[in-house]
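In: Requesting a structural model of the entry that follows:
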Amino acid sequence: MTILPIRIVGLVQIILLMTSEGYSQLNSDKKIISSQIFEERLSQLVGFGDRQDWGELEYSPIDEASGIVASRKNENVFWVHNDSGDNNRIYAFNHEGTHLGVYYLDGCSARDWEDMATGPGPTDEEYYLYIGEIGDNDAEYNQKYIYRVIEPIVDSEQSPVTETIYGAEIINYQYPDGNRDAETLMVDPLTKDIYIISKREEPVNIYRLAYPQSMTETVTPEFMMDIDFYPEINNGSSQYIVAGDISVDGLEILVKSYLDIFYFSRNPDQTIMDAFNQGFVTVPYISEVQGEAIAWHPQGFGYFTTSEEKYNTEARLYFYPDLVGCMDPQALNYNPYATVPDWSCEYLNIEAFPNPKDFALYPAYPNPFNPTTTLQYDLPEDATVKIMIYDIMGREVRTLVKSQQNAGFKSIVWDATNDLGQPVSAGMYLYRFSAGKFHSTEKIVLLK
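Out: Numbering: from 1, shown residues only. Down below sits the predicted model:
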């Protein structure tokens, strides 16, 4: 587990223990049973690990990578395109950087491609690639274009091929408030709406092209809001917004400048704008030379970045793993990179839903907290459970649990009140868990 400083816009700046929520959604169609369903995403708390180098992008024509997609259709396959100056083509490579193919987009021009995304489209159960002809350094072009194609089938072990993708859908749009440069294209998997974030302005503008997007008329994107990612300084070129992506479940958003990566989150019943209005945190990133590309892992287990080959630097595939997640290899959503459990494991049916192997008490979440925190514990067998809250002097404050309970994964919320229902003062507290012969004590901190 890593302890990192977090910058939270609109909230108090503190040092937070880097954990993440355990939200998992009950999917009745697949009969998924979740070991723990959390009601909210806590955008303040995220836990991504140190950068991993997965290898060089070996195909030499990929020298100005400006957009990247981690395929959700083809395992271990990535897509990338070059910045201005290349032809109307995208490149496929695998998780080791090995070249897999060049794919031309029939009927699509390539003036200044700046970002790409993956997501749903007109055909259900199909994945599409979206390529943004949205660059405009001097704000001189009225018309911008987004190309949408069904993602080809690619094998991560195939020999390199050269192919043409036919039938591209062309979305032609013009901003409602003048020409501008942009390098961030994102697709909301929950609504199929397309989002564009401008590059050079301070604050930057966010626009939406609502689904279904017209293929026959010029679309006027809706201006949604603006965001100042660097409110305390006058932006230079290093602060330009150059990439973004939305996770496969639609609940996590990354926006990238040359220097930083900004993380937003939302609940399933919230919009993208709700997420942007809730504020952001910065997540780990080691700056790359002309780094203009970012993509979520297909299962949301972290994020990838790559860069242009400026100043003779190699374009490499970097990965920042999500350290918080399901740690049970038997679960459907097992995260092989997780080092901190979030009790979000999902199983096909109730028979596959296991009981814990041992008694356990886990650190409270969140901690520090205000106004509530959740205490989680495991019961491998039926037991008499007692959970007590004490102040730092050892005086009893609250009896949270005192009952016979069945085996299972358990949790209880403390609302920072005593046995009389009165709010307690800020400070450090202890909570003690007893079940049979098992006893364990942890610390929590209440902020006011």
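In: So which residue is smack in the middle of this protein?
Out: residue 252 (3.7 Å; C-alpha atoms, centre = their mean).
In: What pLDDT is listed against that one?
Out: Here, the pLDDT recorded for residue 252 equals 96.
In: Look up the closest residue to it, ignoring the ones flanking it.
Out: Spatial nearest neighbour of residue 252, excluding adjacent residues (C-beta to C-beta, 6 or more residues apart in numbering): residue 265 at 5.3 Å. (C-beta placed from N, C-alpha, C; glycine too.)
In: burial count for that neighbour?
Out: Other residues near residue 265 come to 23 when the count uses other C-beta atoms under 10 Å.
In: my guess is it meets residue 249, correct?
Out: No. Look at residue 265 against residue 249 with C-beta atoms under 8 Å: they stay out of range, at 10.5 Å.
In: Residue 221 versus the residue nearest to residue 252, what's the distance?
Out: Distance, residue 265 to residue 221, by C-beta to C-beta, to the nearest Å: 24 Å.
In: next one: residue 427
Out: Counting by C-beta to C-beta - residue 427 and residue 221 are separated by 50 Å.
In: Who has more neighbours out of those two?
Out: More crowded of residue 427 and residue 221, by other C-beta under 10 Å: residue 221, with 21 against 12.
In: backbone phi and psi for the closest residue in space to the more buried one that isn't next to it in sequence, please?
Out: Excluding the flanking residues, the one nearest residue 221 by C-beta to C-beta, 6+ apart is residue 207, at 3.7 Å. Backbone torsions for residue 207, taken as degrees, to the nearest 10, come to phi -120, psi 150.
In: contacting residues around residue 207?
Out: When the contact criterion is C-beta atoms under 8 Å, 6 or more residues apart in numbering, the partners of residue 207 are 175, 195, 196, 197, 198, 221, 222, 223, 224.
In: Just the pLDDT at it, thanks.
Out: You'll see residue 207 listed with a pLDDT of 99.
In: Show me what it bridges to in the sheet.
Out: Counting by DSSP bridges, residue 207 is bridged to residue 196, residue 223.
In: And it, how far from residue 243?
Out: Look at residue 207 and residue 243: by C-beta to C-beta, they are 16 Å apart.
In: what's the answer for residue 287, then?
Out: Distance of residue 287 to residue 243, given as C-beta to C-beta: 13 Å.
In: Could you do residue 194 as well?
Out: 15 Å.
In: Which residue of those two possesses the greater neighbour count?
Out: residue 243 (30 against 25).
In: which residues does the more buried one bridge with?
Out: Beta-bridge partners of residue 243, counted by DSSP bridges, are residue 256.
In: contacting residues for it?
Out: By C-beta under 8 Å, 6+ apart, the residues touching residue 243 are 67, 115, 183, 184, 255, 256, 292, 293, 294.
In: Quick check: the two most widely separated of these?
Out: 67 and 255 (13.9 Å; C-beta to C-beta).
In: Which helix or strand contains residue 314?
Out: Using DSSP states H and E, residue 314 sits within no helix or strand.
In: give the contact list for it.
Out: 56, 57.
In: What does the pLDDT read for it?
Out: Value for residue 314, per-residue pLDDT: 90.
In: And residue 236, by the same measure?
Out: In this prediction, residue 236 carries a pLDDT score of 84.
In: Also residue 1?
Out: We have a pLDDT of 31 for residue 1.
In: And the one 10 residues further on, by the same measure?
Out: The predicted local distance difference test score for residue 11 is 29.
In: buried residues in stretch 190-208?
Out: Using 16 or more other C-beta atoms under 10 Å as the test for burial, stretch 190-208 gives 190, 192-202, 204-208.
In: mind saving the C-alpha coords of that stretch as CSV?
Out: Backbone C-alpha positions of stretch 190-208 (Å, rounded to 0.1, in the frame of the first residue of the first chain) are rendered in CSV as follows:
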residue,chain,number,x,y,z
LEU,A,190,-23.2,4.4,-20.7
THR,A,191,-24.7,6.9,-23.1
LYS,A,192,-22.6,6.7,-26.3
ASP,A,193,-22.1,10.4,-26.1
ILE,A,194,-18.8,11.8,-27.4
TYR,A,195,-16.9,14.4,-25.4
ILE,A,196,-14.2,16.8,-26.6
ILE,A,197,-11.9,18.9,-24.4
SER,A,198,-10.1,21.9,-25.8
LYS,A,199,-6.4,22.1,-25.5
ARG,A,200,-4.9,25.6,-25.2
GLU,A,201,-7.5,27.6,-23.3
GLU,A,202,-7.5,28.5,-19.6
PRO,A,203,-9.8,27.2,-18.5
VAL,A,204,-10.4,24.5,-21.1
ASN,A,205,-13.9,23.9,-22.6
ILE,A,206,-15.8,20.6,-22.5
TYR,A,207,-18.2,19.8,-25.4
ARG,A,208,-20.6,17.0,-25.9
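In: Can you pull out the low-pLDDT segments for this structure?
Out: Applying pLDDT under 70 to the chain flags the ranges 1-46, 349-353.
In: what domains does the record give for this structure?
Out: As recorded under automatic domain parsing, the domains making up the chain are 48-321, 355-446.
In: distance between the first one and the chain's centre?
Out: The offset between the C-alpha centroid of domain 48-321 and the centroid of the whole chain comes to 14 Å, using C-alpha atoms, centre = their mean, to the nearest Å.
In: What is the end-to-end distance of that domain?
Out: Across domain 48-321, the terminal residues are separated by 5 Å (C-alpha to C-alpha, to the nearest Å).
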